[in-house]
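> Here's a sequence, model it:
(4 chains)
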2 protein chains.
Amino acid sequence: MVRTKRTVIERRSGVALWRQIADRMRREIGEGVLGSDGRMPPEVVLAERFGVNRHTVRTAIAALVQEGVLRAEQGRGTFVEGRKRLAYPIRRRTRFSEGLAGQSRGLAADLLDHAVEPAIADIAKALHLLPGAPVIRLETLSHADGRPVSRARSWFDAERFAGMAEAFGRTRSITASFRELGLADYLRHSTAVTARHAESGDLKDLRLSPGAIVLVTIAVNVDAQGQPVQYSETRFAADRIELHIPGGDDAVSV
Amino acid sequence: MVRTKRTVIERRSGVALWRQIADRMRREIGEGVLGSDGRMPPEVVLAERFGVNRHTVRTAIAALVQEGVLRAEQGRGTFVEGRKRLAYPIRRRTRFSEGLAGQSRGLAADLLDHAVEPAIADIAKALHLLPGAPVIRLETLSHADGRPVSRARSWFDAERFAGMAEAFGRTRSITASFRELGLADYLRHSTAVTARHAESGDLKDLRLSPGAIVLVTIAVNVDAQGQPVQYSETRFAADRIELHIPGGDDAVSV
DNA sequence: TTTAATTGTCTAGAACAATAGACAAATTAT
DNA sequence: ATAATTTGTCTATTGTTCTAGACAATTAAA
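Got it, this is the predicted structure:
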């Protein structure tokens, strides 16, 4: 990543100074610009650098401490708890754990909720089903290094993948669950990426502070015959994950 | 895009209520949830829905009017000016104008600035040059439908593509400029995507309000022999553009 | 024309954010 | 042991944001 200019803190922008500073420090920590030695500059120095009062910086630091990014010790200083952003490769055939393996430990996925429901238009279309056909919805949360990195909502044809929720709850893996249900392999058909502010539910699950950004991917997986098997919307904590799209093999058109 | 729950407006979050509401309305307008008929609900209704005072909603609307997303007419109502997000496809052969052709008119790219400078480590590495080797830096701004959509910073080997700035200033196209300089074709080698709050420079160029989000892509283009020809960092206005990756993969596949 | 619906403007007070200064408490260096 | 450095706590003041209410101005409908 290349950075040249100095972000100016904006007043009267509807975003409190402490929040702008917190967001910026979080980013710079992720980029290694700040606290690369694990230690943050003293509050007075940061206040000077951002052109604000020391108390304002303290509020920002308190937010990052709350988030688990920083740790403050009286008399000693403030230290970095989090680490650099993980690179998440988006390829035709990539699986969560393979993608992050080697960069992090403690990979895990939790099943938060699941339900069978009628497919709304978007999902029916993506899965090549009739609107209203029963689909299984899975709400999952993925961790790396003990920190939550993504929150996903996936839909599957309830007829073809009847035991999906049960299998995922046990295996904690989509790939493994598919295999149990007779699908040996699958490919990514399409992925749309956008970004927005995290919503309150995601703030909680991903342990973010208000104003934090999520990268959102909308993806469709297909089986070897090109039949859609999974539709999903995933929210990544933008300050913990970076999506990588290698330009390798040619792609199926949309 | 699928949405189930109702985003709660967060108080004491460091983000002013009017800004949270503005951000959310901008997003819902982009998704067609709000103002799909071109008309916004009355202020009183919006205030009720968000659980805030009418004046707070008015501040949010004023920001979106300033941004060009809404237009308010006394006695008549408030109307949508902007339109849905454009899809920007990222493929092996990614071209700006081809990508957005058919979705919008008035495509244009402006050259804001250019310079020859020594390559810093990141860029030298990406372009397979020695650190400090001369590179051309181009600062460009792209529009669609008369609205700015992306702001890019690109680097090229100054030796191989000596006339790049002049050619781009004239042709307003990277593809055309490459062709003039003897490069008939190029491919996308890699793309990294992340997201963050827009910085003050981009706020101005992309005509965004503070707190707005930009999608950032770091891309490397290569020639037919695999030799890197361009390194670029592009910031897209996240509420105007959605990146589309045919045949990618994402996080649910644990 | 009258009425209803809607945006625009004004005033005043309450809640929140930022500044300023002083000093306490803990740690490290001299 | 003493001094310097650094985070933690407290009080007071000022500016910004949010709420509340009233009413004007404009448009469209009855």
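
> can you tell me which residues contact residue A:181?
Residue A:181 makes contact with A:160-164, A:167, according to C-beta atoms under 8 Å, 6 or more residues apart in numbering or on different chains. Placement of C-beta: from N, CA and C, glycine included.

> From those, list the buried ones, please.
Among the contacts of residue A:181, those buried by neighbour count (16 or more other C-beta atoms under 10 Å in any protein chain shown) are A:160-161, A:164, A:167.

> Secondary structure added to the residues you listed, as JSON lines?
Shown next, in JSON lines, are these (DSSP: H, G, I helix; E, B strand; the rest coil):
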{"residue": "A:160", "secondary structure": "coil"}
{"residue": "A:161", "secondary structure": "coil"}
{"residue": "A:164", "secondary structure": "helix"}
{"residue": "A:167", "secondary structure": "helix"}
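
> want to try CSV for these, with distance to residue A:57 as columns?
Formatted as CSV, the buried ones among the contacts of residue A:181 follow (distance: C-beta to C-beta, whole Å):
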residue, distance to residue A:57
A:160, 55
A:161, 51
A:164, 48
A:167, 49
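
> quick one: which of the residues you listed is nearest DNA strand C?
The closest of the buried ones among the contacts of residue A:181 to DNA strand C turns out to be residue A:164 (C-beta to the nearest atom of the strand; 42.6 Å).

> what does the stretch 1-150 of chain A put close to chain B?
Neighbours of chain B within the stretch 1-150 of chain A, by C-beta under 8 Å from any C-beta of the partner chain: A:1-2, A:5, A:7-8, A:10, A:13-16, A:18-20, A:22-23, A:27, A:63, A:85, A:87-97, A:99, A:109, A:120, A:122-123, A:140, A:142, A:149-150.

> Residue of chain A closest to DNA strand C, please.
For chain A, C-beta to the nearest atom of the strand, closest residue to DNA strand C: residue A:75, 2.6 Å.

> next one: phi and psi at that residue?
For residue A:75, the backbone dihedrals (degrees, to the nearest 10) come out as phi 90, psi -20.

> ok, it - contacts?
No residues are in contact with residue A:75 under the rule C-beta under 8 Å, 6+ apart.

> Look up how far residue A:42 lies from it.
Distance of residue A:75 to residue A:42, given as C-beta to C-beta, to the nearest Å: 12 Å.

> and if you look at residue A:188?
Counting by C-beta to C-beta, the gap from residue A:188 to residue A:42 is 47 Å.

> What of residue A:182?
60 Å.

> Of those two, which one has the most company?
Shown here are residue A:182 and residue A:42; by other C-beta atoms under 10 Å in any protein chain shown, residue A:42 has more neighbours (13 against 8).

> pull the helix or strand with minimum mean pLDDT from chain A.
helix A:96-100 (a mean of 70; mean pLDDT, DSSP states H and E).

> Can you name the next helix or strand after that helix?
Using DSSP states H and E, the helix or strand that follows helix A:96-100 in sequence is strand A:108-118.

> model confidence over the helix or strand just after that following strand, on average?
Sequence order places helix A:121-126 as the next helix or strand after strand A:108-118, per DSSP H and E. Across helix A:121-126, pLDDT averages out at 94.

> repeat for stretch A:65-85
For stretch A:65-85, the mean per-residue pLDDT is 84.

> residues in chain A within reach of DNA strand C, list them.
Residues of chain A lying close to DNA strand C by C-beta under 7 Å from any atom of the strand are A:16-19, A:52-53, A:55-56, A:59, A:73-76.

> now, which of the residues you listed lie within strands?
Of the residues of chain A next to DNA strand C, the ones assigned to strands by DSSP state E are residue A:73.

> In helices, which of the residues of chain A next to DNA strand C appear?
A:17-19, A:55-56, A:59 (DSSP state H).

> Could you pick out the buried ones from these?
The buried subset of those - by 16+ other C-beta under 10 Å - is A:17-19, A:56, A:59.

> May I ask which two of those are separated the most?
Spatial extent of those (C-beta to C-beta) is set by the pair A:19 and A:56 at 10.1 Å.

> any common contacting residues for the two?
With C-beta under 8 Å, 6+ apart, residue A:19 and residue A:56 have no common neighbours.

> As a check, name the ranges of all strands in the stretch 151-254 of chain A.
A:187-197, A:213-222, A:228-237, A:241-246 (DSSP state E, counting those that start in this stretch).

> Compare those and give me the one nearest residue B:205.
strand A:187-197 (18.0 Å).

> The closest one vs DNA strand D: in contact?
No. Applying C-beta under 7 Å from any atom of the strand, one finds strand A:187-197 out of contact with DNA strand D, separated by at least 14.4 Å.

> Skipping its backbone neighbours, what lies nearest residue A:208 in space?
residue A:198 (5.2 Å; C-beta to C-beta, 6 or more residues apart in numbering or on different chains).

> what sits against the one you found?
Residue A:198 sits in contact with A:206, A:208, A:210, A:212-214, A:235, A:237, where contact means C-beta under 8 Å, 6+ apart.

> So for it, what's the pLDDT?
The model's pLDDT for residue A:198 equals 85.

> Likewise for the one 10 residues further on?
Residue A:208 carries a pLDDT score of 81 in this model.

> Same question for residue A:184.
Per-residue pLDDT puts residue A:184 at 89.

> pLDDT score assigned to residue A:12?
69.

> what does the one 4 residues further on give?
For residue A:16, the model assigns a pLDDT of 86.

> What distance do you get for the spatially closest residue to it that is not a sequence neighbour to residue A:211?
The shortest distance from residue A:16 to any non-neighbouring residue, by C-beta to C-beta, 6+ apart, is to residue B:14 (4.0 Å). The gap separating residue B:14 from residue A:211 is 6 Å, by C-beta to C-beta.

> In terms of packing, which of these two has more residues around it?
Taking residue B:14 and residue A:211 together and counting by other C-beta under 10 Å, residue A:211 has the greater number of neighbours (24 against 20).

> what's across from the residue nearest to the more buried one when sequence neighbours are not counted in the sheet?
Closest residue in space to residue A:211, ignoring its immediate chain neighbours: residue B:15 at 4.9 Å, by C-beta to C-beta, 6+ apart. As for beta bridges, residue B:15 partners with residue A:15 under DSSP bridges.

> Please list all residues in contact with residue B:15.
Neighbour list for residue B:15: A:14-16, A:19, A:210-211, B:211 [criterion: C-beta under 8 Å, 6+ apart].

> right, and residue A:149 touches residue A:238 too?
No. With contact defined as C-beta atoms under 8 Å, residue A:149 does not count as touching residue A:238 (10.3 Å).

> Residue A:137: what secondary structure?
Applying three-state DSSP: residue A:137 is strand.

> For it, which residues count as its bridge partners?
residue A:115, residue A:155.

> For it, list the residues it contacts.
With C-beta under 8 Å, 6+ apart, residue A:137 has these contacts: A:113-117, A:153-155.

> domain assignment for chain A?
According to automatic domain parsing, chain A comprises the domains A:17-80, A:86-244.

> end-to-end on the last one?
Going back to what we said before, that points to domain A:86-244. 10 Å (C-alpha to C-alpha, to the nearest Å).

> The shortest one now?
One end of domain A:17-80 sits 21 Å from the other (C-alpha to C-alpha).

> pretty sure residue A:133 contacts residue A:118?
Yes. With contact defined as C-beta under 8 Å, residue A:133 counts as touching residue A:118 (6.9 Å).

> so where is the stretch 151-254 of chain A shaky, pLDDT-wise?
A:246-254 (pLDDT under 70).

> Pretty sure residue A:72 sits against residue A:65.
Yes. Counting by C-beta under 8 Å, residue A:72 does reach residue A:65; the two are 5.7 Å apart.
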